[in-house]
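**Student:** this is a predicted model, with the sequence first.
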Amino acid sequence: MPACGRLPRRLLLQAADESLGVANRRLHVGGQSADVGSELAIEHRQPRDDRQRGRLVVMFRPLRSLLRFALFISLVVLALAPASRAASAYEAVRLFGVDYVDVRDVGRRHGLAPQWITARDTLRLRSTWTTLEFTVRRVEARLNGVTVFLSEPVVARLGSLYIARNDAERLFAPILVPRLGPRISPLRTVMIDPGHGGRDPGNQNLRLRLHEKTFTLDIARRLSGLLTAAGFRVVMTRTRDRYVSLEERAALADRHRPDLFISLHFNAFSDRTVSGVETFVMTPLRDRSTPQRERDLEMLRTRFPGNAHDHWNAVIGYQMQRALVMGTHAEDRGLKRFRFSVLRSVSCPAVLVEAGFLSNDTEGRRVADPAHRQRIAEAIATAVKAHRTTRQAASRG
């Protein structure tokens, strides 16, 4: 939350537009509403003489001043209110043991108009710059063409679609309005974590002689050069083919105190037809991870160091996945959340990138091409630079 003090006029006007609504400009007080721009509901009677007319003017002017003062105070409170307080105003319903909110309500809060794509099946929220789509019973949504995984499936209810309140507050609100998050330091130092190394080869494609540890280090070096040229300070958890334990990686992050942590990996799966890129961020407290649901309830209840920046994790996670899909033209496997050890342990915003499937021969050959690895590094650098700009804009209020 910004420090208390004199609020810039732009911030107050922005708060007015967001809270009152540019279209109808309604003022909500104590659960009731009244049109700010409309005439007050006062019975007009002509005074019988000049003395009564003067008395009415004297009584009405303080009332009008009081209303203006009350409106000003309400705008100040809204401007200073934390994002979590604003988001918690959703009217939730309890379904299957989870708090759900109406997708249309999410749209109203972000200036997005609802539109059914298929009758009672897929609902689209749209504005000039943003398109958000939900489909009943699915655990993923589409935000500006990028796949984003939810903590709970979409539910149909009373002629609308509903999503988990945690997804509305902890996933979409940060991505759509990053500036409403907690204050965060400027993005200056980036720690790059090439996965595996040494005696730990990571995922392999023995048919093509592909080793994950080799490619993660190669991309880390390429990315380091790109970020250094862009003015970042870069630290790497390893610069050569050596084994670094998960505990050592977390200790290095504690020692260097980066502003952003990026862990690089490549995927593998028993189904060799599977391909694509995906980005993981730390699962928020009490939320379920993707792609599997934890059976250890203690994990859901534990606040890890990685949960300190849940808001900004969602922001950089979306920016990273979007940049990877656009920069590599790989299949979009989505922004996901999981309690990986490196994501749990670091106390700064962090992402874990799975930049392709070595088990897929076609994608494996592509990863083996230095030109493709350069595209991956450039896409990641694009996301990092975009995130720096987002943080700068947020710090200016």
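**Tutor:** On my side now, so go ahead.
**Student:** quick one: mean pLDDT for stretch 334-347?
**Tutor:** Averaged over stretch 334-347, pLDDT sits at 96.
**Student:** same check, this time on stretch 106-113
**Tutor:** Mean pLDDT, stretch 106-113: 97.
**Student:** and the protein, what are its domains?
**Tutor:** Using automatic domain parsing, the domain ranges for the chain come out as 9-81, 91-176, 180-395.
**Student:** including mean neighbour count, could the ones you listed go into CSV?
**Tutor:** Just so you know, the C-beta spots here come from the backbone N, C-alpha and C atoms, and that holds for glycine as well. Output for these, formatted as CSV (neighbours: other CB atoms under 10 Å):
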stretch, mean neighbour count
domain 9-81, 12
domain 91-176, 18
domain 180-395, 19
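**Student:** ranking these by mean pLDDT, which is last?
**Tutor:** Mean pLDDT values for the domains of the chain show the minimum at domain 9-81, a mean of 39.
**Student:** what's the end-to-end length of stretch 123-134?
**Tutor:** Using CA to CA, to the nearest Å, one end of stretch 123-134 lies 5 Å from the other.
**Student:** do the same with stretch 341-359
**Tutor:** 23 Å.
**Student:** can you offset everything so residue one is 29?
**Tutor:** From this message on, residue numbering opens at 29, which makes the last subject stretch 369-387.
**Student:** how far away from the center of its chain is that stretch?
**Tutor:** Its chain's C-alpha centre and that of stretch 369-387 lie 16 Å apart, by CA atoms, centre = their mean, to the nearest Å.
**Student:** can you list contacts of the host helix or strand of T244?
**Tutor:** Following DSSP states H and E, one finds T244 within helix 240-257. Residues outside helix 240-257 that contact it (CB atoms under 8 Å, 6 or more residues apart in numbering) are 218, 220-226, 228-232, 262, 264, 266-269, 290, 292-294, 296, 383, 386, 395-396, 398, 401-402, 404-406, 408-409, 412.
**Student:** just these: which are in strands?
**Tutor:** When DSSP state E is applied, those are split such that V218, I220, D221, P222, Q232, V262, M264, I290, L292, H293, F294, A383 fall in strands.
**Student:** distance of the last one relative to A169?
**Tutor:** In this view, A383 and A169 are 23 Å apart by CB to CB, to the nearest Å.
**Student:** kindly report the same for the first one.
**Tutor:** If you measure V218 against A169 using CB to CB, the figure is 29 Å.
**Student:** and if you look at the fifth one?
**Tutor:** For Q232, the distance to A169 equals 34 Å [CB to CB].
**Student:** ok, now the fourth one?
**Tutor:** As defined by CB to CB, P222 lies at a distance of 31 Å from A169.
**Student:** try L251
**Tutor:** 29 Å.
**Student:** got it, and F200?
**Tutor:** Distance, F200 to A169, by CB to CB: 8 Å.
**Student:** list residues touching both of the two?
**Tutor:** Listed as contacting both F200 and A169 by CB under 8 Å, 6+ apart are L160, V176.
**Student:** can you pull the contacts of D389?
**Tutor:** N233, R235, L236, R300.
**Student:** closest one of the residues you listed to L123?
**Tutor:** Set against L123, the nearest of those by CB to CB is R300 (38.4 Å).
**Student:** assign that closest one to helix, strand or coil.
**Tutor:** At R300 the chain is in coil, as set by DSSP: H, G, I helix; E, B strand; the rest coil.
**Student:** OK, contacts around it?
**Tutor:** S387, N388, D389.
**Student:** relative to E326, how far out is the closest residue to the second one other than its chain neighbours?
**Tutor:** Among residues not flanking N388 along the chain, S303 sits closest, at 4.4 Å (CB to CB, 6 or more residues apart in numbering). Here the distance between S303 and E326 works out to 35 Å (CB to CB).
**Student:** same thing with L153?
**Tutor:** Per CB to CB, L153 is found 36 Å from E326.
**Student:** residue ranges for the helices of this protein, please.
**Tutor:** With DSSP state H as the criterion, the chain has helices at 37-48, 78-108, 111-115, 131-137, 193-195, 201-204, 240-257, 274-284, 325-329, 338-356, 369-373, 389-395, 398-423.
**Student:** and the last one with helix 240-257, angle?
**Tutor:** With axes from the mean of the first three to the mean of the last three CA atoms, to 10 degrees defining the directions, helix 398-423 sits at 50 degrees from helix 240-257.
**Student:** contact partners for P202?
**Tutor:** Under the criterion of CB under 8 Å, 6+ apart, the contact list for P202 reads A111, L208, G209, D338, H339, W340, A342, V343.
**Student:** widest-spaced pair of those residues?
**Tutor:** Farthest pair in the contacts of P202 (CB to CB) is L208 and D338. Separation: 13.2 Å.
**Student:** confirm for me that A396 is in contact with L238.
**Tutor:** Yes. Here A396 reaches L238: they are 6.2 Å apart, a contact under CB atoms under 8 Å.
**Student:** skipping adjacent residues, who's closest to R394 in space?
**Tutor:** Once flanking residues are discounted, R394 sits nearest to H400: 4.8 Å by CB to CB, 6+ apart.
**Student:** please consider this matter closed, and thank you.
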